[in-house]
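*Asks:* Sharing a model prediction with you, sequence too.
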Amino acid sequence: ASNNIDISVKCRIGVFDNDLRPLNGKDYQSLTNYISAIHDAGARHVILHARPAILSLSPVKNRNVPTLDYEFVNQIASDFDGKVKITMNGGITSLDHLRSLQSDGSNAISSHMAGRWCLRRPLDLVAIERSLESSVVTDTQVAIDSYIDFALANQSQSQFTMADLCLPLFLVVEQLREDYDQEEEGELLPWEDMENLYDTVQDGLKQLGGGKVKTSNSINFKRLASSFK
């Protein structure tokens with residue numbers, strides 16, 4: 001491999017035909033051999049999804065059915081510390097969950113990767129940014145206003161459908177509803193800010209559709225959420 005090219009590999013911690021058993025020492029040795037082989041080929045970064053893949057299951061079920069094994073990933077990170085950067089992926093659902101993995105897991109873990117969490121709860125990206133101690137702190141109201149301006153400017157462009165432009169706003173509203181139902185204010189937004197943000201999104205949806213787009217009050221969020229399972 002060329003020394004001028006950074007090579008990374010993303011994979012599951014194991015692959016089985018139809019076996020849902022717990023992972024064992026033989027499985028760990030197979031994963032160790034695999035990472036050693038790709039390291040020898042030039043890879044210096046491996047993103048490990050902490051679920052094994054079961055080939056007899058559908059892609060949707062493979063995201064939920066196989067058991068997560070974070071310790072498997074932690075051990076790999078320790079064994080390859082200083083040789084391969086290990087990013088932990090799979091099943092991270094909230095900022096509290098991420099923090100628990102960071103505090104309880106191996107110090108050898110280089111980073112963490114999350115996908116569907118940020119799709120389901122897009123405002124959490126602001127909290128993630130704050131946790132990184134970024135010098136630029138995003139204001140949620142400004143971020144939503146900026147997105148609505150972007151959507152309005154691009155609604156006549158052929159590369160975006162109205163559904164494409166409205167979906168992020170619907171997901172923001174669903175997160176606001178979920179957080180607003182909690183007994184205590186969350187760390188991200190106080191009640192008043194949630195209410196103001198909700199009104200902003202509703203107004204944005206009306207502007208986008210010229211009165212033709214459904215507001216979030218009429219959206220089936222259970223069906224919407226199924227798109228990200």
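*Replies:* Yep, it's here. Numbers count the residues shown, from 1 in each chain.
*Asks:* List the residues that contact the nearest residue to Gly14 once chain neighbours are set aside.
*Replies:* Among residues not flanking Gly14 along the chain, Pro52 sits closest, at 3.6 Å (C-beta to C-beta, 6 or more residues apart in numbering). Yep, even glycine has a C-beta here, placed from its N, CA and C like the rest. Contacts here follow C-beta atoms under 8 Å, 6 or more residues apart in numbering; on that basis Pro52 touches Arg12, Ile13, Gly14, Val15, Phe16, Leu23, Asp27, Pro66, Asp69.
*Asks:* Any quick PyMOL command for the buried ones out of the residues you listed?
*Replies:* Only the buried entries of the contacts of Pro52 go into this PyMOL selection, using 16 or more other C-beta atoms under 10 Å:
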select buried, resi 12+13+14+16+23+27+66+69
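*Asks:* circling back: measure the residue nearest to Gly14 to Val15 for me?
*Replies:* Going from Pro52 to Val15 by C-beta to C-beta, to the nearest Å gives 7 Å.
*Asks:* Tell me which stretches of the chain form strands.
*Replies:* 8-12, 15-16, 45-49, 53-54, 85-89, 109-113 (DSSP state E).
*Asks:* the inter-axis angle of the fifth one versus strand 8-12?
*Replies:* This points to strand 85-89. Going by axes from the mean of the first three to the mean of the last three C-alpha atoms, to 10 degrees, strand 85-89 is angled at 40 degrees with respect to strand 8-12.
*Asks:* distance between strand 85-89 and the chain's centre?
*Replies:* What separates the centre of strand 85-89 from the centre of its chain is 14 Å, taken as C-alpha atoms, centre = their mean, to the nearest Å.
*Asks:* List every C-alpha atom in that strand, with coordinates, as PDB.
*Replies:* Taking Å, rounded to 0.1, in the frame of the first residue of the first chain, the C-alpha atoms of strand 85-89 are listed here in PDB:
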ATOM      1  CA  LYS A  85      -6.800   3.200  15.600                       C
ATOM      2  CA  ILE A  86     -10.000   1.500  16.600                       C
ATOM      3  CA  THR A  87     -13.300   3.400  16.300                       C
ATOM      4  CA  MET A  88     -16.300   1.800  18.100                       C
ATOM      5  CA  ASN A  89     -19.600   1.700  16.200                       C
END
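*Asks:* So which other helices or strands are in contact with it?
*Replies:* For strand 85-89, the packing partners by 3 or more C-beta pairs under 8 Å, 6 or more residues apart in numbering; DSSP states H and E come out as strand 45-49, helix 70-79, strand 109-113.
*Asks:* mind redoing it with 10 Å?
*Replies:* Secondary-structure packing of strand 85-89 (3 or more C-beta pairs under 10 Å, 6 or more residues apart in numbering; DSSP states H and E): strand 8-12, strand 45-49, helix 70-79, helix 95-104, strand 109-113.
*Asks:* can you tell which of those is closest to Leu208?
*Replies:* The closest of those to Leu208 is helix 95-104. By C-beta to C-beta, the value is 29.4 Å.
*Asks:* got the buried residues for stretch 159-173?
*Replies:* Here stretch 159-173 shows Leu165, Cys166, Pro168, Leu169, Phe170, Leu171, Val172, Val173 as buried, counting by 16+ other C-beta under 10 Å.
*Asks:* who's in contact with the closest residue to the fourth one other than its chain neighbours?
*Replies:* It refers to Leu169. In space, and not counting its chain neighbours, Leu169 is closest to Val201: 5.0 Å by C-beta to C-beta, 6+ apart. Neighbouring residues of Val201 by C-beta atoms under 10 Å, 6 or more residues apart in numbering: 144, 147-148, 166, 168-173, 176, 215-216.
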